[in-house]
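> Provided below for reference: sequence and predicted model.
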Amino acid sequence: MQARQRFDVAVYGGGLGGVAAALAAVKTGATVLLVVPGEWIGGQVSAQAVPPDEHPWIESFGCSASYRGFRDAVRRFYFDRYPVSARGRSRPAFNPGLGNVGPLTHEPYVAQLVLESELYPWMSRGRLRVLKHSTLAEAHVEGDRIRSIGVRGRSGAVQEYEARYYLDASELGDLIDKASAEHVIGAESRGETGEPHAPDVADPLDQQAVTWAMVLGYVPEGDYTIDRPEQYDYWRSYRPEFWPGPFLGWQISDYVTHKPRPRPLFTDEVQESGLRYDLWSSRRILASHQFDDEWESDLSAAVWPMMDYFDRPLLGVDEEQRALALEGARQLSLSLIYWIQTEAPRHDGGFGYPGLRPRPDLTGTEDGLAMEPYIREARRIRARFTVTESHLGVEAREGRTGAEPFADTVGIGAYRMDLHPSTSGRNSVDIDTWPFQIPLGALLPVRVSNLIAAAKNIGTTHITNGAYRVHPVEWAVGEAAGALAAFCVREGSAPARVHEDERILADFQRLLRTQLDIPLEWPEIGALTPMSRFGYVKPAASAEFARQT
């Protein structure tokens, strides 16, 4: 092992939280090590091929300057590099795919390129080092502090790195585990959290579904039928107790009502809102009619209900069981595509869509699956403060308007508590919320003093994780974590002291507001309504969107 290298801040994980943390830390004066297990940075927006899930006010307010800069850079990339039509360029908020899940559905590799361009200037000046294809081998802990981490690189050799602060932005909370920091997996009980929707008995193996997404094209006259997946027979006959029919089918269980609802690949039926509620339109990431010149087809990201894998958990099991779960998630996604290509009833009569084309050239993989699975739920720290349903749930806060205000707020977010089916056999849970804040105490472990949570592993519960896991909130968490670490280096303070001392906390919040332009509270305007699947309309569902499609 070579001599250890030293940084102010070490970030493990290259998802949105990790990237935001690294950028915030270098902008606040720290030297940073960013350790990325894979090839692409950006996590759910790139390597996992999940277009942004965002709140309905995102085009006007409700995110930090850096997240808005990322969104603007994505649009600018299309304007600079793609033959966007004059009509497309004239739209005030250009949406490359016109997907109805949000106002900025775009290709995953574009996000990767944009984020790389944000990091590289800091790498060039020697303030940031990025290690790709590198995994956490060990964490060396002395008392209540992490002394160093061992990182296994491409060659298999382990290199030791030392930092003053360590941020866990990984998909499963691996640094939390290696550092033996107190944490929770799965579902807490109602008796522990007081949450109306928590189960009566805690179940660590009650974990949200993971989804292995794909990028697809559709060429009606083509035949791109994949090889029959090894587990196809298993998934073809698979039918959870709460599902209205075979899992490989067009009938899904509605997220809220749990009643059967059709979700075909294509439909000619246009809703009153102007949307087509088919799978293809939901996360379409390139709408070819918005571009000049020839285009083979539209592109869509397949992140569909029938791809939710909840057969086995990823946490609380050994490596062999985890590997079986990940392979099961891959096989489920491939099996769905094969079923659609060969057997699925067509919207225009007949069976099978052989023209459905996986695009491995756009995902950097051999089969068109994303580089990584989308993991909704990680290990969660036992935090100095835990966000529960009573802090943001509309039902749990009956008679009160708005979410709980936090004096130690370090950012904001808005999303429903949206829990996909779980490995316990539970159906989906979808709970209305108020737009909320991110409390600093939720980023800080109860004991390990120089570890900061920087992604989906903060002090939320199994229930509230469903609101704090989406793209802009993960970014906001990471940005606050990176800024906190750099602030503590600069001021000679400690995260716990920042949390406890009102004066130091005020100084840190001032830095967030002024230097990084991070909003810490929602504006008090009448437009801020509860986040409900039925109680608000996203910008994508507006009359303008209907005209664009």
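Okay, I see it. Residues are numbered from 1 along each chain as shown.
> so for stretch 458-471, what's the average pLDDT?
What stretch 458-471 shows for mean pLDDT is 98.
> Same check on stretch 164-176?
Mean pLDDT, stretch 164-176: 98.
> Could you pull out the buried residues of that stretch?
Using 16 or more other C-beta atoms under 10 Å as the test for burial, stretch 164-176 gives 164-176. In short, each C-beta sits where N, CA and C put it, glycine included.
> what's the spacing between the spatially closest residue to residue 182 that is not a sequence neighbour and residue 459?
Nearest residue to residue 182, sequence neighbours excluded (C-beta to C-beta, 6 or more residues apart in numbering): residue 382, at 3.8 Å. Distance, residue 382 to residue 459, by C-beta to C-beta, to the nearest Å: 7 Å.
> If you count surrounding residues, which of the two has more?
Neighbour count, other C-beta atoms under 10 Å: between residue 382 and residue 459, residue 459 has more, with 25 against 14.
> dump the residue contacts of that one.
Residues near residue 459 by C-beta atoms under 8 Å, 6 or more residues apart in numbering: 380-387, 441-444, 453.
> for the longest helix along the chain, which positions count as buried?
When every helix of the chain is counted residue by residue (DSSP state H), the longest turns out to be helix 319-342. Using 16+ other C-beta under 10 Å as the test for burial, helix 319-342 gives 322, 325-326, 328-341.
> and residue 385, which of the three is it?
coil (DSSP: H, G, I helix; E, B strand; the rest coil).
> and the closest residue in space to it that isn't next to it in sequence, how many neighbours?
Using C-beta to C-beta, 6+ apart and skipping the chain neighbours, the partner closest in space to residue 385 is residue 441 (2.9 Å). If you count neighbours by other C-beta under 10 Å, residue 441 ends up with 22.
> Then residue 5?
The number of residues packed around residue 5, counting by other C-beta under 10 Å, is 15.
> Residue 160 versus that one, what's the distance?
Distance from residue 5 to residue 160, by C-beta to C-beta: 8 Å.
> any idea how far the residue nearest to residue 385 is from residue 409?
Distance of residue 441 to residue 409, computed by C-beta to C-beta: 10 Å.
> ok, now how distant is residue 38 from residue 340?
Distance of residue 38 to residue 340, computed by C-beta to C-beta: 28 Å.
> how about the helices in the stretch 1-150 of the chain?
16-27, 65-81, 86-90, 108-124 (DSSP state H, counting those that start in this stretch).
> tell me the mean pLDDT over the first one?
Averaged over helix 16-27, pLDDT sits at 98.
> residues of that helix that come out buried?
16, 17, 18, 19, 20, 21, 22, 23, 24, 25, 26, 27.
> Equivalent analysis for the shortest one, please.
For helix 86-90, the buried set under the neighbour-count rule, 16+ other C-beta under 10 Å, comprises residue 88.
> Identify the residues contacting it?
Residues outside helix 86-90 that contact it (C-beta under 8 Å, 6+ apart) are 79, 94, 290, 291.
> list the contacts for the closest residue to residue 123 other than its chain neighbours?
Leaving aside its chain neighbours, residue 123 sits nearest to residue 130 (6.2 Å; criterion: C-beta to C-beta, 6+ apart). By C-beta under 8 Å, 6+ apart, the contact set of residue 130 is 14, 22, 34, 36, 41, 119, 123.
> What strands flank the helix or strand following the longest helix of the chain, and is each parallel or antiparallel?
Note on helix 319-342: by DSSP states H and E, the next helix or strand toward the C-terminus is strand 356-358. Here strand 356-358 is paired, per DSSP bridges, with strand 214-218 (antiparallel).
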